[in-house]
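S.K.: structure for this input, please:
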Amino acid sequence: MAHWNQLTAPIYANKKRYFAIILFGFLVQMIVGFIFYRHTVLLSDSSNYLNVARNIAAGRGFTDHFPEMNPLVLHQSAWRPPLYPLVLSVALFAFGPHIIVAQILNASIGIVDIILVDITVREVISSHFSKDQDIKLSSYAGLVASFLLATYPPFLSNTLVPLTEPLEILLILCTALWLAKSRYLLASLSAGLLILTKPGAEVFALISCILIFKFWGYRSALKSLAVVVLIIFPWLVRNYVVMGAPVVETSDGFNLASEYSQYSQQTKGFVDPVFDPQFKSYWPLEDNEVKWDRALASMGLENIKRHPIVVFDVFKRNVETMFQFRPVMSNPPEVSDLRDLAFVNNSRPWIYFISAIGLYCSLYFVRNRLMITLFALVGWDSLSGLFSTGAPRLRSSFDVFSCIGFGLGYYLFRKSMQKRVESKGISDQLLSLY
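M.R.: Next comes the predicted model:
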């Protein structure tokens, strides 16, 4: 009980602050949702997540029509990691299998992300400085970062569609914050949950274990690893029993084939193994996700062995796509993820500005334990996206990190103005103008 009180004490001490953040965040999301997402028709990933969650809520388990695409046949699936569909299924079971329920759930998770960004900024600053003036400035910096994120176009696009990104951001921030607070077992818990949230997230747990080893030694790292294994073990057992192999998800082969196969290399772009007729010989395997996954993975890896240059081609292409340097390439995945192109394209210069300022200012705190963890987790998340499908939404953690860095930049600006005023002997009232 004492441990729980210690965790919740900061929240109770800042009730008015968090109420303002929550109210502002929900108002922004309601306005944007009403304008752009009133009549949402789900496509691609978002449709897949919602279908799996609906089946869980209806008592049919982790089942789906995809990738067979036969509406009359449901099969056991591990195509998606289980945590987000499971959480979403609880909301659908309680309030009905409607898209708006999923949107409200994601918006609520997004609000928690906004609060965690405020906490992260203040934690980074307070670990460097302890003066009352610095504490006051850190409070403002946290609000700047959280309000910026609440209005950030890419973040809003993720929180108003049933996708995993808001939950992924929540777990990344929790992992970093708990490591900074020396709560390495809780950090291991969130790292394990990340594996059950995002495809290919096993490296997040590895990074956490390495950092725990660096900060607290090998015994703590072994305990951390044990926690991660305990978290993912039930899902591995389920897949071994039901799917025939202890896999976390069965979509890795799809990603490899779609970007690294000979067909992708020939077209110099993403190809969809589910619909592209060039993959017709592989379609009979779709009723067995594990075999289909391995066959597609083998195709992609074999082409990499024959033509290693394809790795650099994919990386270059995904840099242009993920960061929207070439809209002709980034627009198709944006449409697939239900992002309004006018909203996205008009906000691009603003996003570049925030990203540049945020990255530059975050370097000032690069020796901070919390920032080291964020650099490692966000860096890997962004890098894995650049070697995967490269959709702009895969840089979600980078966007959040940019907002955190911008909040830290606001603190540095105010701090420099304070020093300038003090050096000139000017009244402190001048600071209130900034």
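S.K.: where in the chain is pLDDT low?
M.R.: For the chain, the stretches flagged by pLDDT under 70 are 1-13, 39, 68-72, 129-133, 422-434.
S.K.: mind listing the strands in it by residue range?
M.R.: For the chain, the strands defined by DSSP state E cover 63-64, 75-76.
S.K.: go through those strands and pick out the most buried.
M.R.: Most buried of the strands of the chain, by mean neighbour count (mean count of other CB atoms under 10 Å): strand 63-64, with a mean of 20. Using the backbone N, CA and C atoms, a C-beta is placed for each residue, glycine as well.
S.K.: that older thread, mind checking which of the strands of the chain is nearest residue 318?
M.R.: Residue 318 sits nearest to strand 63-64 of all the strands of the chain, at 26.8 Å, using CB to CB.
S.K.: list the strands paired with the closest one, with their directions.
M.R.: strand 75-76 (antiparallel) (DSSP bridges).
S.K.: quick one: contacts of the strand it pairs with?
M.R.: Strand 75-76 is contacted from outside by 61, 62, 63, 64, 65, 68, 242, 243, 287, 289, using CB atoms under 8 Å, 6 or more residues apart in numbering.
S.K.: report how many residues lie close to the fifth one.
M.R.: Residue crowding around residue 65 was assessed by other CB atoms under 10 Å; the count is 17.
S.K.: for it, give me its contacts.
M.R.: Residue 65 neighbours (CB under 8 Å, 6+ apart): 51, 71, 73, 74, 75.
S.K.: the last one bridge partners, please.
M.R.: Looking back up the chat, that one is residue 75. Counting by DSSP bridges, the residues bridging with residue 75 are residue 64.
S.K.: would you mind measuring from it to residue 60?
M.R.: 11 Å (CB to CB, to the nearest Å).
S.K.: check the first one too.
M.R.: Distance of residue 51 to residue 60, given as CB to CB: 10 Å.
S.K.: have a look at the two and say which one is more surrounded.
M.R.: Shown here are residue 51 and residue 60; by other CB under 10 Å, residue 51 has more neighbours (20 against 13).
S.K.: was I right about the more buried one contacting residue 64?
M.R.: Yes. Under the criterion of CB atoms under 8 Å, residue 51 makes contact with residue 64 at 5.4 Å.
S.K.: list the buried residues in stretch 378-391.
M.R.: Residues of stretch 378-391 classed as buried: 378, 380, 381, 382, 384, 385, 386, 388, 389, 390, 391 (neighbour count, 16 or more other CB atoms under 10 Å).
S.K.: closest to residue 101 out of those?
M.R.: Out of these, the member with the shortest distance to residue 101 (by CB to CB) is residue 391, at 24.5 Å.
S.K.: quick one, phi psi at the closest one?
M.R.: Note on residue 391: its backbone torsions stand at phi -70, psi 140 [degrees, to the nearest 10].
S.K.: for it, give its distance to residue 299.
M.R.: Using CB to CB, residue 391 is found at 21 Å from residue 299.
S.K.: what of residue 249?
M.R.: Between residue 249 and residue 299 the computed distance is 18 Å (CB to CB).
S.K.: do the same with residue 114
M.R.: Distance, residue 114 to residue 299, using CB to CB: 42 Å.
S.K.: again with residue 380
M.R.: With CB to CB as the criterion, residue 380 and residue 299 are 25 Å apart.
S.K.: sorry, back to before: a markdown table please, covering the contacts of strand 75-76 and showing distance to residue 165.
M.R.: Below are the contacts of strand 75-76 laid out as a markdown table (distance: CB to CB, whole Å):
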| residue | distance to residue 165 |
| --- | --- |
| 61 | 25 |
| 62 | 20 |
| 63 | 24 |
| 64 | 20 |
| 65 | 24 |
| 68 | 27 |
| 242 | 27 |
| 243 | 26 |
| 287 | 30 |
| 289 | 23 |
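S.K.: once you drop chain neighbours, what's closest to residue 153?
M.R.: Closest residue to residue 153 apart from its sequence neighbours, by CB to CB, 6 or more residues apart in numbering: residue 347 at 4.0 Å.
S.K.: kindly apply the preceding question to residue 307 instead.
M.R.: Spatial nearest neighbour of residue 307, excluding adjacent residues (CB to CB, 6+ apart): residue 265 at 6.4 Å.
S.K.: list the contacts of residue 120.
M.R.: 145, 173, 176, 177, 370, 374, 404.
S.K.: and with 10 Å instead?
M.R.: For residue 120, the contact set (CB atoms under 10 Å, 6 or more residues apart in numbering) comprises 142, 145-146, 173, 176-177, 180, 370-371, 374, 400-401, 403-404, 407-408.
S.K.: can you tell me how far the spatially closest residue to residue 333 that is not a sequence neighbour sits from residue 105?
M.R.: Once flanking residues are discounted, residue 333 sits nearest to residue 391: 3.9 Å by CB to CB, 6+ apart. In this view, residue 391 and residue 105 are 21 Å apart by CB to CB.
S.K.: who wins on neighbours among the contacts of strand 75-76?
M.R.: residue 289 (28 neighbours).
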